[in-house]
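Enquirer: Here is a sequence together with a model predicted from it:
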Amino acid sequence: MSEAVVEQALIEAFADALWMERGLSQNTLVAYQSDLSKLSLWLQRQRGKRLLEAGQKDLLGYLAVLAQQGRQARSSARLLSCMRQFYQYAVRESLLSADPSAQIESPKLPRPLPGTLTEREVEQLLAAPDVGDPQGVRDRTMLELLYATGLRVSELIDLRPEQLSLSQGVVRVIGKGDKERLVPMGDEAQSWIERFLRGPRQAILGQRVCIHLFPTRRGSGMTRQAFWYLIKRHARQAGIDKPISPHTLRHAFATHLLNHGADLRVVQLLLGHSDLSTTQIYTHVARQRLKALHAKHHPRA
């Protein structure tokens, strides 16, 4: 059996194990197999080695060659992740005693700035639903609450009426890891919730009962996909032509708070971030806005 056939059989065994363990998509598995096949070919031609014979210097050499060829840092990071999973698999299967990729540092990736909306665009979006219709009142209430609280879409659609305290103006949110936090609703969102509960909610339900605050016409809770289509439709009605998702309003909530002088740690608590570094990305968005304002209004900008 040729070395190439042995290497390919090893790569396929790794892909099968990965599918069994993590249920990765076929496209991901094919990409991993392709990456490993290219690495195997380079090792044989340039170092005279098989995949299981490669050392840390060999893998670093391969990554360096790809970088010289113009491979982007994000692409190299994905390749390194593939290498690590392959060599960890080899160690688990007792094919190797040590992982040669273990001490290789991942390339530093720039954190993508979250997309957001201007305050004017948010106003246009909030005004888009037809509030003469019960579902329009529901949609307006959901959008108002999302912008007022910065909830994750999963937190919004899972809300139940008992999580609201209209007397105190707060919502009790069950976030990631089942962590609870209290978030102020604000007068506008609270007003829309009260309006929604006075009639439109029951008009949507009819004789049915739903445990969720925001039901659909079928009497069930809304799905993430349904709300994604809903917000896209209202964005089109509002004339907003930039990419938008439910998460966009969460970004707008955080960015607009910071633009108006909110403390970063307060925003961290409201968003339910366990680590302040996760929240700090919004300071970059806010800083861009401040620079734009400075350039527009300062006489020496």
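Expert: Looks like it came in fine. Residues are numbered from 1 along each chain as shown.
Enquirer: Pull the number of nearby residues for residue 103.
Expert: 8 (other Cβ atoms under 10 Å). Every residue, glycine included, has its C-beta placed from N, CA and C.
Enquirer: Tell me if I'm right that it and residue 56 touch.
Expert: Yes: if you go by Cβ atoms under 8 Å, residue 103 and residue 56 touch, sitting 6.2 Å apart.
Enquirer: now the strands for this structure?
Expert: 164-165, 170-174, 180-184 (DSSP state E).
Enquirer: Could you look over the ones you listed and pick the most buried one?
Expert: Most buried of those by mean neighbour count (mean count of other Cβ atoms under 10 Å) is strand 170-174; its value is a mean of 19.
Enquirer: what angle do it and strand 180-184 make?
Expert: Relative orientation of strand 170-174 and strand 180-184, computed by axes from the mean of the first three to the mean of the last three Cα atoms, to 10 degrees: 150 degrees.
Enquirer: outside of strand 170-174, which residues touch it?
Expert: 145, 149, 151, 155, 158-159, 163-165, 180-185, 272 (Cβ atoms under 8 Å, 6 or more residues apart in numbering).
Enquirer: and with 10 Å instead?
Expert: Residues outside strand 170-174 that contact it (Cβ atoms under 10 Å, 6 or more residues apart in numbering): 145, 148-152, 154-156, 158-160, 162-165, 179-185, 189-190, 193, 213, 270, 272.
Enquirer: Just the buried ones out of those, please.
Expert: 145, 148-152, 155-156, 158-159, 163-164, 181, 183, 185, 189-190, 193, 213, 270, 272 (16 or more other Cβ atoms under 10 Å).
Enquirer: Just the ones of those in helices?
Expert: 145, 148, 149, 155, 156, 189, 190, 193, 270 (DSSP state H).
Enquirer: Could you verify my assumption that the second one touches residue 253?
Expert: When you say that, I think you mean residue 148. Yes: the pair residue 148 and residue 253 qualifies as a contact (Cβ atoms under 10 Å) at a distance of 7.4 Å.
Enquirer: avg pLDDT for stretch 39-51?
Expert: Mean pLDDT, computed over stretch 39-51, is 93.
Enquirer: End to end on that stretch, go ahead and measure it.
Expert: With Cα to Cα, to the nearest Å as the measure, stretch 39-51 spans 8 Å from end to end.
Enquirer: the helices in this protein, which residues?
Expert: 3-22, 26-42, 56-68, 73-92, 119-126, 134-149, 153-157, 187-197, 200-205, 224-237, 246-259, 264-271, 276-279, 281-297.
Enquirer: need these in a markdown table with distance to residue 48, can you?
Expert: Converted to a markdown table, these look like this (distance: least, Cβ to Cβ, whole Å):
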| stretch | distance to residue 48 |
| --- | --- |
| helix 3-22 | 10 |
| helix 26-42 | 11 |
| helix 56-68 | 10 |
| helix 73-92 | 19 |
| helix 119-126 | 59 |
| helix 134-149 | 59 |
| helix 153-157 | 52 |
| helix 187-197 | 67 |
| helix 200-205 | 70 |
| helix 224-237 | 51 |
| helix 246-259 | 49 |
| helix 264-271 | 53 |
| helix 276-279 | 44 |
| helix 281-297 | 45 |
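Enquirer: Quick check: closest non-adjacent residue to the residue nearest the centre of the chain.
Expert: For the chain, the residue nearest the mean C-alpha position is residue 247 (7.8 Å; Cα atoms, centre = their mean). Using Cβ to Cβ, 6 or more residues apart in numbering and skipping the chain neighbours, the partner closest in space to residue 247 is residue 153 (6.7 Å).
Enquirer: Tell me how many other residues crowd that neighbour.
Expert: 20.
Enquirer: who touches it in this structure?
Expert: By Cβ under 10 Å, 6+ apart, the contact list for residue 153 reads 142, 146, 222-224, 227-228, 231, 245-247, 249-250.
Enquirer: ok, so of these, who is nearest residue 263?
Expert: Nearest to residue 263 among the contacts of residue 153 is residue 250, at 18.1 Å by Cβ to Cβ.
Enquirer: residues contacting residue 229?
Expert: residue 223.
Enquirer: That one and residue 214: what is the separation?
Expert: Computed as Cβ to Cβ, to the nearest Å, the residue 229 to residue 214 distance reads 14 Å.
Enquirer: how many other residues sit next to the closest residue to residue 237 other than its chain neighbours?
Expert: Distances taken as Cβ to Cβ, 6+ apart put residue 128 closest to residue 237, at 4.4 Å, once the chain neighbours are dropped. A count of nearby residues for residue 128, using other Cβ under 10 Å, gives 21.
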